[in-house]
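could you look at this predicted model? Sequence included:
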Amino acid sequence: MTAAVELRDVAKEFPGGTRAVDGVSLSVEAGTVFGVVGHSGAGKSTLLRLVNGLEEPTSGSVLLDGQDISALGERRLRPLRREIGMIFQQFNLFRSRTVLGNVLYPLRLAGTDRAAARARAEETLEFVGLAGHGGRYPEQLSGGQRQRVGIARALATRPKVLLCDEATSALDPQTTGEVLALLGRVNRELGVTILLITHEMEVVRTLCDRVAVMEDGRVVESGEVYEVFARPRHATTAAFVRSERHSEPDAPLLERLRARHPGRLVTLPVADGNPALEGLSELLQLHGVDFTLVHGGVGEVRGRPLGSVTLELRGRPAAVEAVVAGLRVPGPVEAGAR
Ligand SMILES: Nc1ncnc2c1ncn2[C@@H]1O[C@H](COP(=O)(O)OP(=O)(O)OP(=O)(O)O)[C@@H](O)[C@H]1O
């Protein structure tokens, strides 16, 4: 199957020597949502600009629908650009144009005739939940509504791919949820492939099928979202994921828990394919060990359970030791052990 977007060993070096993107390969399958996360300066924006042709790679190739865009001249690139829509953190709407005028703009650029453009723009505004708002100006709208206009404008020409540059970073949590739900519909109902960059794992958790984590211009880890959340392999990924797994106690909380609970503290990850909790009660019974649940929580990522529970184990030291040894937990478990 041809990927909607593919990067093959792409590097981008700016004058002055900054390698903003340094040997990145990734593949976004058509019809999926792919997220790129990373801290400020990791190279995410540059990566997006390489995909929409605003930057040329220093080396490597960028392919859209199997076509290498780095090899195309401006004239042949133009129709391909129409296959790509883009939305921005600060919405980038034309303030002097109405909502309808903003959505009509790319259609006019594409040469769509007046009546067809108007019908398309209105249909798109209805899809994003802004029917009847066409005559308003951006400054008369809330942030969430402005981003909906941004989405309508990006979708007006019916692109196959939507690029999202920190699309929800300027929005409050509730509005973020609404915009993410809309982007989910864009993907599912319109079949649009989405490539987004963000520093918010919440966006990845709710929307993405796959994720790549960037640091210093490189992809340090990538994979299916649940797998990356449940079993992060790189320290940067683990730090991003931890911020979303509020249930895992950090060092200060662990200190407070220890002050309250003199027994052995053990944190067990809860995830699909993690057998730690199965057989726990038998193990406790077998060794005559008591427990108290002192902290934890389990949420959902892509419809699958993810979280952790921290238990205080109490009993004879050798018995507690035997329970800990018997817990079949992959990876770093005993965050709470001492
Ligand atoms: N046009 C440019 N000229 C020179 N250096 C640049 C240019 N654009 C980006 N850089 C540098 O490349 C690196 C990556 O920047 P980039 O904006 O892609 O990162 P980012 O992950 O998107 O960060 P942010 O979220 O802050 O935008 C940074 O060190 C940045 O200063």
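Nice, I can see it.

next, give phi and psi for the nearest residue to residue 307 once chain neighbours are set aside.
Leaving aside its chain neighbours, residue 307 sits nearest to residue 298 (3.4 Å; criterion: CB to CB, 6 or more residues apart in numbering). Bear in mind the C-beta positions are built from the backbone N, C-alpha and C, glycine included. Residue 298 adopts backbone torsions of phi -130, psi 130, taken as degrees, to the nearest 10.

what number of residues lie near residue 298?
Neighbour count for residue 298, taken as other CB atoms under 10 Å: 14.

how much space between residue 303 and residue 173?
Going from residue 303 to residue 173 by CB to CB, to the nearest Å gives 21 Å.

per-residue pLDDT, residue 242?
pLDDT recorded at residue 242 is 80.

grab the nearest non-local neighbour of it.
residue 248 (6.1 Å).

what's the pLDDT at that neighbour?
Per the predicted model, pLDDT is 81 at residue 248.

secondary structure class of residue 125, three-state.
Three-state assignment for residue 125 (DSSP: H, G, I helix; E, B strand; the rest coil): helix.

got the contact list for it?
99, 100, 103, 131, 133, 134, 149, 152 (CB atoms under 8 Å, 6 or more residues apart in numbering).

Three-state assignment for the third one, please.
So that's residue 103. Once three-state DSSP is applied, residue 103 turns out helix.

go on, residue 294?
strand.

following the worst-scoring helix or strand of the chain on mean pLDDT, which helix or strand comes up?
Least confident element among the helices and strands of the chain, by mean pLDDT, DSSP states H and E: helix 74-81 (a mean of 82). The helix or strand immediately downstream of helix 74-81 is strand 84-88, counting by DSSP states H and E.

who does that following strand pair up with?
If you go by DSSP bridges, strand 84-88 pairs up with strand 161-165 (parallel).

grab the nearest non-local neighbour of residue 160.
Sequence neighbours aside, residue 83 is the residue nearest to residue 160 in space, at 4.9 Å (criterion: CB to CB, 6+ apart).

contacts made by the longest helix belonging to the chain with the rest, please.
When the chain is scanned for its longest helix (criterion: DSSP state H), the result is helix 173-190. Helix 173-190 has contacts (CB under 8 Å, 6+ apart) with 31-33, 127-129, 142-144, 147-148, 151, 155, 158, 162, 164, 167-168, 171, 192-194, 196, 200, 202-203, 206-207.

quick one: buried residues of that helix?
Within helix 173-190, the residues scored as buried using 16 or more other CB atoms under 10 Å are 175, 176, 178, 179, 180, 182, 183, 186, 187.

now the nearest residue to residue 206 once chain neighbours are set aside: how far from residue 207?
Distance criterion CB to CB, 6+ apart; nearest residue to residue 206, sequence neighbours excluded, is residue 180 at 5.2 Å. Counting by CB to CB, the gap from residue 180 to residue 207 is 5 Å.

how many residues are close by residue 148?
25.

which element is it on?
helix 143-155.

give the other helices and strands that that helix contacts.
Helix 143-155 is packed against strand 84-88, helix 99-109, helix 114-127, strand 161-165, helix 173-190, with contacts defined by 3 or more CB pairs under 8 Å, 6 or more residues apart in numbering; DSSP states H and E.

distance to residue 74 and mean pLDDT added to the ones you listed, as CSV?
CSV is the format used below for these (distance: least, CB to CB, whole Å; pLDDT from 0 to 100):
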stretch, distance to residue 74, mean pLDDT
strand 84-88, 15, 95
helix 99-109, 15, 96
helix 114-127, 24, 97
strand 161-165, 19, 97
helix 173-190, 28, 96
